[in-house]
Every structure is written in structure tokens, then in C-alpha cells.
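# The sequence and its predicted three-dimensional model are supplied below.
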Amino acid sequence: MKTTTSSTHPPTISLVRFVLLLASTTALACSEAAMTTSAENPATPTTATTQPSPTSGDGHAFVQLVAGDEHACGLRGDGSVACWGANDYRQASSPSGAFTEIAAGSSHSCGLKSDGGIVCWGTYESGNGPSTAYGPSGTFTRVCAGWNKTCGMRADGTISCAGDGWGGWQGLTAGGKFKEIACGFDPCGLRADGSIECWSDINGWHDFTDPGPFVHVYAGSAYACGLRPDGTAKCWVAPDNTDTGLGQPAAGAFVELSTGSGLACGRRADGTATCWGGSGDPAQPPIGAGPYAQIAAGQGFACGLLGDGTAACWGNNDKAETASRPGPFTSYDHSCGLRPDGTVYCWGAYYGAGSTPTDASFIQVSDGSAYSCGLRSDGTITCWGHDYGGVIHPPAGTFTQVAAGLAHACALQTDGTVVCWGDLSFGVGTAPNEKFVQISSGEWNTCGLHADGTVTCWGESSVPTPAGTFKQISVGTMQACGVRTDGTATCWGDTAVPVPSGTFTQVSAGFWTGCGIRGDGAAACWGDGRYGETSPPTGAFTHIAINEDWTCGLRPSGDVVCWGTVAIPDP
């Protein structure tokens with residue numbers, strides 16, 4: 001329901017509902033080698049485009065990458081941390097300050113400070129209920145994070161853990177000293193004699209010991225791997241884990257492994273990477289990509305650290321796990337960006353129903369709920385994604401703007417009249433026979449802006465037609481917002497909340513929320529904001545779009561920054 005455009009019409013923005021699931025677990029091996037996660041059985045490499053992750057704008061490159069279930073973090077050379085992807089539990093809301101090492105768990109992240117202390121952000125989510133993530137107290141030389149747990153290893157090889165504590169693992173029933181520790185669904189440790197020992201979080205299901213010898217240990221979601229002295233990998237799968245492919249690592253020698261949630265990857269001496277596991281074909285790095293200096297695997301996605309200190313990610317992108325730095329864009333919607341060359345890049349949950357067109361001929365794009373529509377330079381419309389009631393099958397003809405709603409879409413014809421298609425329940429398809437200069441579609445509503453500044457709305461009764469004149473409008477879920485001709489903003493409808501005073505150049509309507517751009521480019525948001533979607537970062541923006549629980553803003557540089565349950569940090 002928001003619109004991305006490179007035309008002269010003001011962009012229309014509104015709400016989109018996504019069903020986004022956070023699941024499974026991630027692992028991080030804490031060792032004297034790389035600290036990452038994941039791996040699996042190799043399939044034929046894909047030719048998918050690798051999406052670069054954020055890099056520091058002042059030239060500080062990444063020196064370490066880690067991956068959680070649906071988020072990833074990078075440690076920069078200056079000690080700062082940037083995270084991207086899912087932020088449902090604030091796992092991607094990295095704090096300021098300098099760290100020497102980082103770790104990512106299923107829904108939290110942690111960093112090791114120069115004084116040996118551990119700082120965590122995010123949430124432990126389990127049967128005991130959610131709680132703010134925290135690390136063990138004390139002074140440590142290593143940190144690892146897994147499913148609802150964080151562990152630290154001291155200089156003498158002893159270990160302390162903190163977290164949810166199912167099964168009493170906090171007491172580290174294995175005892176003794178280790179060379180390495182890995183936190184997956186269950187903790188595993190590498191002994192001085194090269195043996196690996198894992199102990200269970202729940203009822204002893206995952207307890208085992210392998211005499212090895214091994215040189216490194218890695219733990220994932222109910223499986224673990226060890227790297228032998230000759231570089232070959234050996235993996236074990238817990239009895240209750242049906243993904244047996246995780247126990248069948250790729251052949252050959254590796255210098256590093258990474259074990260995530262249902263995905264494992266290995267990096268070879270030449271810097272190439274291969275992955276295995278997963279219910280289908282595992283996410284493989286693009287053909288010819290790399291070489292990588294380090295790898296990190298999460299839940300269906302992975303990232304590799306390139307020689308220039310940037311990160312390249314591939315695989316699942318439902319929560320922008322691999323879309324952390326896809327720009328620059330000339331404009332964008334809540335999960336699609338329009339590049340200067342006319343190509344479109346999208347991230348978010350499309351439920352596997354179609355792929356984004358790759359040709360360079362778009363001048364505007366608008367996102368609905370798990371689908372998008374784009375306006376081409378010849379005036380025709382192409383839609384892709386989940387087909388709600390035929391919504392990805394636009395009518396023939398030429399148009400000047402397209403606006404995607406929950407399960408319907410509308411387009412502005414060359415004569416200024418409107419045509420709608422898809423699920424036309426609640427009268428949303430009954431567009432008035434009037435002429436408009438801009439339209440915006442929301443959940444079950446569409447509103448149109450006339451040349452004289454007046455607005456007409458149709459569809460479900462929660463969004464009535466407002467009085468007064470406007471310069472720009474945005475329809476969300478059961479509300480709409482607009483910038484009046486005097487620059488002030490207002491929202492109306494069943495979920496509308498008061499808008500801050502002052503003037504705006506553009507607004508976006510969400511669900512009990514809204515955001516706008518001030519004359520100086522600063523973002524201002526209002527409403528519920530329980531997910532952090534109404535807490536924008538400082539700095540200037542040229543466009544803003546609020547979703548149900550996350551918001552993105554377009555910087556003058558063309559970079560997209562997101563906050564709320566999906567995070568894309570500043571470069």
C-alpha cells in the first residue's frame with residue numbers, strides 16, 4: 001500500500017500487512033578462529049544476486065560477521081556494531097560503544113567489551129516467557145550466543161552461561177575446561193585433547209561425546225559439527241532433528257565451518273564456500289562469488305566477509321536478512337526500492353509466489369500485502385508476488401500511477417480516472433467517476449487526491465472522505481493521513497491518532513501509527529510504536545514509509561534505513 005515513484009506525482013504511502021515468523025535457532029562457535037554459524041549438504045550453486053551488507057560510511061570495514069535466525073551483525077574495525085534483518089525482539093538494535101567480538105543467537109545478540117564484560121541486546125524467548133537478553137557476569141575472552149542462552153569463556157578455559165535456563169544448562173553440567181565453546185540449541189565444547197562434548201538443554205536428548213580429534217567445534221539447531229586436523233568436517237544430528245542432511249557435510253577440506261538454523265556452510269582454503277542441510281536445496285552462494293575471509297550462516301541465509309571488508313549475503317530474505325544495503329535508490333516503498341537505472345529490488349515475505357522482474361523499465365513501484373506492482377516507462381503495469389483474488393493480474397492499458405493495497409490495487413489512467421482490480425470487497429473497487437492526480441490504497445480503502453486539493457475516499461467505512469484541501473495523501477489500515485495545503489498534517493479514520501504540530505512535506509499512514517518528513521528532512525513519527533517503528537534515527541530523509549510494525553526512510557544519498565521489527569542501519 002505504499003508507493004515508490006520517480007514520477008512528478010507525490011509518492012503515496014500506506015500500510016502493508018506481512019505475516020513474518022521468527023523461528024528456530026542459530027549457533028556461534030567461540031574460538032580462536034572465526035566466530036560464525038552454519039552449514040549443510042551442497043546443492044548446485046545458484047546464480048542469485050548477492051546483496052551487500054552495510055559498511056561504515058567513514059571507511060571502517062567489517063572484521064567479523066555473525067548470523068542469528070533472521071538477522072546478522074557485523075563488527076567494524078573501530079569496534080562499532082551494525083546489525084540488519086529481523087528486529088522483532090530488538091536483536092538488531094545494536095548499542096553504541098566498542099566491542100572486540102560479537103555473537104548472534106536466535107533472537108538476541110551480544111558483544112564482548114575490551115574489559116572482558118559481555119553486553120547483550122534482544123530477547124530470550126521460550127516457554128518461560130520473553131525476557132531481556134543478558135550475558136553472564138565476570139571477565140571473559142570469548143562470547144557465544146545460541147537459543148535463549150549466552151556463554152562466556154574465561155582465559156583459564158572455564159565457562160559461565162546465562163539465559164532462559166531450561167534443563168539447568170546454566171550450570172554447565174559438562175564441567176571442566178575447554179579450548180572453545182559453541183552455543184547452538186545446546187552448548188558444545190572442545191576439550192584440550194581434541195574431543196567434543198555437547199550437553200543437553202532439555203531432558204538429555206542431545207548429550208554426546210566424540211573423542212575426535214578436532215581443532216574447532218560448531219553448534220547449530222539440534223546439531224553440531226567438528227573440524228578435523230585435516231580440514232574435513234564431521235557433523236552430528238540430534239535424535240529429534242528430522243533434518244538429517246545437516247549430518248552429511250560436504251566432502252573435502254575446509255578452514256572454517258558455520259552452523260546455523262537448518263543450514264551449515266564451510267569455507268575452503270581458496271575462499272570459496274559451500275552449504276548443506278535444509279528441507280530443500282540449501283542456500284548456496286552465487287556462482288563465482290567470493291573469495292570470502294569468513295562466513296556466517298543463519299536460518300536459510302548466510303553471509304560472507306569479502307576482502308574489502310564488506311559483507312555479501314544470500315538466501316532467505318523475508319526480513320531483509322540479505323538486503324541490508326541494496327541501494328542506492330531514487331525512491332522506495334516499504335519493501336521495494338527503485339534504482340536509478342529503472343530496476344526494482346524487493347525484500348520481505350512474498351511467500352514464494354513469484355519473483356521480482358529483473359528488467360530495467362520501471363518508473364514507479366507500489367507494495368501490497370506480499371505482492372507488488374510496478375509502473376513501466378511505457379505506462380503498462382506488471383505485478384508479482386502472492387495472488388490475492390487476481391491482484392497480480394492488472395488490466396491492460398496505460399497508466400500514470402499504481403497503488404497497491406492489502407488484496408486490491410488501483411491505477412490512475414491517463415485521463416485521471418481510476419480502475420481497480422483484485423479482491424474488491426467492501427466496495428473498494430467502486431471508484432468514483434472522477435479525475436485525480438494521486439491515489440493511495442490501504443487495507444480495504446482507496447483515496448484519491450483531486451487537482452483542487454480535495455480528497456475522495458471509497459471502500460470500507462473506516463476511512464471517510466475528509467474535509468479541506470491536501471498536497472499528498474497516504475492510506476493505511478483503517479486510517480489515512482495527509483499533508484494539507486498549509487503544510488500541516490492530519491490523520492482520519494478508525495485507527496487515527498493525533499499528529500504532531502508543525503509542517504510536513506510527506507506523510508505515511510500505518511496502523512495506529514504514522515510518520516512524516518519535516519521541511520528540514522527530519523523524520524517525525526507518532527502513535528503506538530510498541531515495536532520501535534515510531535522511533536526514527538536522526539538525520540535527513542527524502543521519503544518515509546511506515547508498515548504495521550516497521551518503518552523505512554530514504555536518505556538523500558539513496559540509502560534505505562529501517563527501524564522497528566526490520567532493521568537496516570545507516571551505512
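That came through fine.
# show me where pLDDT drops low in the stretch 351-500 of the chain?
When residues are selected by pLDDT under 70, those of the stretch 351-500 of the chain lie in 351-354.
# 90 instead, please
Where the stretch 351-500 of the chain drops to pLDDT under 90, the residues are 351-360, 367-371, 385-388.
# Now do the strands in it.
The residue ranges that make up the strands of the stretch 351-500 of the chain, judged by DSSP state E, counting those that start in this stretch, are 362-367, 371-376, 381-385, 399-404, 408-413, 418-422, 438-441, 445-449, 455-459, 470-475, 480-484, 489-492.
# right, and Gly422 touches His408 too?
Yes. In this structure, Gly422 sits in contact with His408. The criterion is CB atoms under 8 Å, and the distance is 3.8 Å. Backbone N, C-alpha and C define where each C-beta goes, glycine included.
# Which parts of the chain are helices?
Along the chain, counting by DSSP state H, no stretch forms helices.
# domains in it, as residue ranges please.
As assigned by automatic domain parsing, the chain contains the domains 2-19+322-567, 28-315.
# Low-confidence ranges, the stretch 51-200 of the chain, go.
Counting by pLDDT under 90, the stretch 51-200 of the chain contains low-confidence residues at 51-61, 88, 124-134, 147-149, 159-176, 184-188, 197-200.
# Now do the shared contacts for Gly422 and His408.
Both Gly422 and His408 are in contact with 388-389, 391, where contact means CB atoms under 8 Å, 6 or more residues apart in numbering.
# that older thread, columns mean neighbour count and distance to Gly77 on top of the strands of the stretch 351-500 of the chain, output as JSON lines?
Shown next, in JSON lines, are those (neighbours: other CB atoms under 10 Å; distance: least, CB to CB, whole Å):
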{"stretch": "strand 362-367", "mean neighbour count": "28", "distance to Gly77": "36"}
{"stretch": "strand 371-376", "mean neighbour count": "27", "distance to Gly77": "37"}
{"stretch": "strand 381-385", "mean neighbour count": "22", "distance to Gly77": "39"}
{"stretch": "strand 399-404", "mean neighbour count": "26", "distance to Gly77": "41"}
{"stretch": "strand 408-413", "mean neighbour count": "26", "distance to Gly77": "46"}
{"stretch": "strand 418-422", "mean neighbour count": "22", "distance to Gly77": "49"}
{"stretch": "strand 438-441", "mean neighbour count": "30", "distance to Gly77": "44"}
{"stretch": "strand 445-449", "mean neighbour count": "29", "distance to Gly77": "48"}
{"stretch": "strand 455-459", "mean neighbour count": "22", "distance to Gly77": "51"}
{"stretch": "strand 470-475", "mean neighbour count": "26", "distance to Gly77": "40"}
{"stretch": "strand 480-484", "mean neighbour count": "27", "distance to Gly77": "42"}
{"stretch": "strand 489-492", "mean neighbour count": "22", "distance to Gly77": "42"}
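# Quick one, which of those strands gets closest to Ala162.
Of all the strands of the stretch 351-500 of the chain, it is strand 362-367 that lies closest to Ala162, at 40.0 Å by CB to CB.
# List the strands paired with the closest one, with their directions.
On the basis of DSSP bridges, the sheet neighbours of strand 362-367 come out as strand 2-5 (antiparallel), strand 371-376 (antiparallel).
# could you give the angle of it to strand 381-385?
Our comparison of strand 362-367 with strand 381-385, counting by axes from the mean of the first three to the mean of the last three CA atoms, to 10 degrees, yields an angle of 40 degrees.
# With only the CA atoms kept, save strand 362-367 in PDB.
These are the backbone C-alpha positions of strand 362-367, laid out as PDB (Å, rounded to 0.1, in the frame of the first residue of the first chain):
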ATOM      1  CA  PHE A 362      10.100   0.800 -14.200                       C
ATOM      2  CA  ILE A 363       9.400   4.400 -13.100                       C
ATOM      3  CA  GLN A 364       7.300   3.600 -10.000                       C
ATOM      4  CA  VAL A 365       6.600   0.700  -7.700                       C
ATOM      5  CA  SER A 366       4.000   0.100  -5.000                       C
ATOM      6  CA  ASP A 367       3.800  -2.700  -2.400                       C
END
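# Next, format the strands of the stretch 351-500 of the chain as CSV and append distance to Asn316.
Shown next, in CSV, are the strands of the stretch 351-500 of the chain (distance: least, CB to CB, whole Å):
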stretch, distance to Asn316
strand 362-367, 19
strand 371-376, 18
strand 381-385, 16
strand 399-404, 23
strand 408-413, 26
strand 418-422, 27
strand 438-441, 28
strand 445-449, 32
strand 455-459, 34
strand 470-475, 30
strand 480-484, 33
strand 489-492, 35
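# so which of those strands comes closest to Asn241?
The closest approach between Asn241 and any of the strands of the stretch 351-500 of the chain, judged by CB to CB, belongs to strand 381-385 at 32.2 Å.
# Return the list of strands paired to that closest one, each annotated with direction.
strand 371-376 (antiparallel).
# ok and the strand it pairs with relative to strand 399-404, angle-wise?
Computed by the same axes, to 10 degrees, the angle between strand 371-376 and strand 399-404 is 170 degrees.
# what sits against the residue lying closest to Thr358 once chain neighbours are set aside?
With CB to CB, 6 or more residues apart in numbering as the measure, Thr343 is the residue that lies nearest to Thr358, at 6.9 Å, once sequence neighbours are left out. The neighbourhood of Thr343, defined by CB under 8 Å, 6+ apart, consists of 358-360, 362.
# and those residues, which are buried?
Among the contacts of Thr343, the ones that count as buried by 16 or more other CB atoms under 10 Å are Phe362.
# ok, of the contacts of Thr343, which one's closest to Thr417?
When the contacts of Thr343 are ranked by distance to Thr417 (CB to CB), Phe362 comes first, at 22.6 Å.
# how near is that closest one to Leu305?
32 Å (CB to CB, to the nearest Å).
# repeat for Gly271
When CB to CB is applied, the distance between Gly271 and Leu305 equals 10 Å.
# likewise Gly226?
Counting by CB to CB, the gap from Gly226 to Leu305 is 22 Å.
# Next: Asp207.
33 Å.
# same check, this time on Asp559
Relative to Leu305, Asp559 is positioned 21 Å away (criterion: CB to CB).
# what do you get for Val81?
Computed as CB to CB, the Val81 to Leu305 distance reads 14 Å.
# more neighbours, these two?
Higher neighbour count among Val81 and Leu305: Leu305, with 27 against 24, using other CB atoms under 10 Å.
# buried ones in stretch 287-299?
Residues of stretch 287-299 classed as buried under the neighbour-count rule (16+ other CB under 10 Å) are 289-290, 292-299.
# biggest separation within these, which pair?
Put simply, by CB to CB the two of these set farthest apart are Ala293 and Gln299, 22.7 Å from each other.
# shared neighbours of Gly271 and Leu305, anything?
In the contact map built from CB under 8 Å, 6+ apart, the residues linked to both Gly271 and Leu305 are 292-293.
# send the alpha carbons of stretch 512-520 over as PDB?
Taking Å, rounded to 0.1, in the frame of the first residue of the first chain, the C-alpha atoms of stretch 512-520 are listed here in PDB:
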ATOM      1  CA  TRP A 512      -2.500   3.300  14.900                       C
ATOM      2  CA  THR A 513       0.800   4.900  13.700                       C
ATOM      3  CA  GLY A 514       2.100   7.400  11.200                       C
ATOM      4  CA  CYS A 515       5.300   9.100  10.200                       C
ATOM      5  CA  GLY A 516       6.200  12.200   8.200                       C
ATOM      6  CA  ILE A 517       9.100  14.200   6.800                       C
ATOM      7  CA  ARG A 518       9.700  17.800   8.100                       C
ATOM      8  CA  GLY A 519      10.800  20.600   5.900                       C
ATOM      9  CA  ASP A 520      14.400  20.100   7.000                       C
END
